[in-house]
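Peer 1: could you look at this predicted model? Sequence included:
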Amino acid sequence: MTKDLNLQQDASADALHAADGLGYEARSATSDHAALKLWLRMLACTTQMEGEIRRRLRVRFDTSLPRFDYLAQLYRALGGLRMKDLSSHLMVSGANVTAITDELERDGLVVRSSSPTDRRSWILNMTPKGREQFEVMAKEHEQWVLELFSCLDAPTLSQMYRQLGGLRVHMLNSQADAVPPITTISIME
């Protein structure tokens, strides 16, 4: 693993170090491993971009990123989704999905109906109004993402996508072996 990250070749280094609110990258030192610096930069970029998307969704559509993500999942599922499956797709608790469902149902953007195969399950579908509103938001969201990445040319985007895909595969393959399970010891016994 390369320890050195040549900051002299990084045109952004001076601008980032001069910036107010440097965030995660301020935690790295010149002597840190390149992988640590990259991780902090990726984390900073993700946090900054997500914050900007959240801000724009709030200002432009008076909505939140969780509501947008919820609608995006339902939009792709033409036959609807069980609440449990939506919770799994979004990686949030059932209580979070229920709360957002209540809001979106009240706004007329989704409907829930009982499952024909499991009386304990609810199936969620977008209403025509919900699909229409989501399509408008999704188009703008796409433009925002394109704008935020506009400093990178197509080959760079493609290369980064492939390399980050390789990183994800590596992480998935090594995840199970990486950390032994934590044993909890109770001090109350």
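Peer 2: Nice, I can see it.
Peer 1: how about the secondary structure of the residue positioned nearest the centre of the chain?
Peer 2: In the chain, the centroid-proximal residue (Cα atoms, centre = their mean) is Glu50; its distance is 7.4 Å. Secondary structure for Glu50, judged by DSSP: H, G, I helix; E, B strand; the rest coil, is helix.
Peer 1: residues contacting the closest residue to it other than its chain neighbours?
Peer 2: Of all residues not flanking Glu50 in the chain, Leu65 sits nearest, at 7.1 Å (Cβ to Cβ, 6 or more residues apart in numbering). Yep, even glycine has a C-beta here, placed from its N, CA and C like the rest. Contact analysis of Leu65 by Cβ atoms under 8 Å, 6 or more residues apart in numbering lists 50, 53-54, 57.
Peer 1: same thing with Thr101?
Peer 2: So Thr101 contacts 70, 83, 110, 112, 122, 124 (Cβ under 8 Å, 6+ apart).
Peer 1: select from the residues you listed the one having the most neighbours.
Peer 2: Neighbour counts for these, by other Cβ atoms under 10 Å, peak at Tyr70, which reaches 28 neighbours.
Peer 1: that one and Ala77: what is the separation?
Peer 2: In this view, Tyr70 and Ala77 are 11 Å apart by Cβ to Cβ, to the nearest Å.
Peer 1: what do you get for Arg106?
Peer 2: In terms of Cβ to Cβ, Arg106 sits 21 Å off from Ala77.
Peer 1: who has more neighbours out of the two?
Peer 2: Ala77 (16 against 9).
Peer 1: pLDDT at the more buried one, what is it?
Peer 2: On the pLDDT scale, Ala77 is placed at 92.
Peer 1: phi, psi of it?
Peer 2: Main-chain torsions, Ala77, degrees, to the nearest 10: phi -100, psi 90.
Peer 1: same check, this time on Cys151
Peer 2: phi -80, psi -10.
Peer 1: for it, grab the count of nearby residues.
Peer 2: Cys151, neighbours per other Cβ under 10 Å, totals 8.
Peer 1: okay, it: pLDDT?
Peer 2: As predicted, Cys151 sits at a pLDDT of 95.
Peer 1: from His89, how far out is Tyr161?
Peer 2: To His89, Tyr161 is 21 Å away according to Cβ to Cβ.
Peer 1: between the two, which one's more packed in?
Peer 2: Taking other Cβ under 10 Å, Tyr161 and His89 do not tie; His89 has more neighbours (17 against 10).
Peer 1: output the contacting helices and strands for the helix or strand containing that one.
Peer 2: For His89, the host element (DSSP states H and E) is helix 83-90. Applying 3 or more Cβ pairs under 8 Å, 6 or more residues apart in numbering; DSSP states H and E, we find helix 83-90 packed against helix 65-76, helix 94-106, strand 122-126.
Peer 1: let me have those in CSV, extended by distance to Leu167.
Peer 2: Formatted as CSV, the helices and strands packed on helix 83-90 follow (distance: least, Cβ to Cβ, whole Å):
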stretch, distance to Leu167
helix 65-76, 23
helix 94-106, 28
strand 122-126, 33
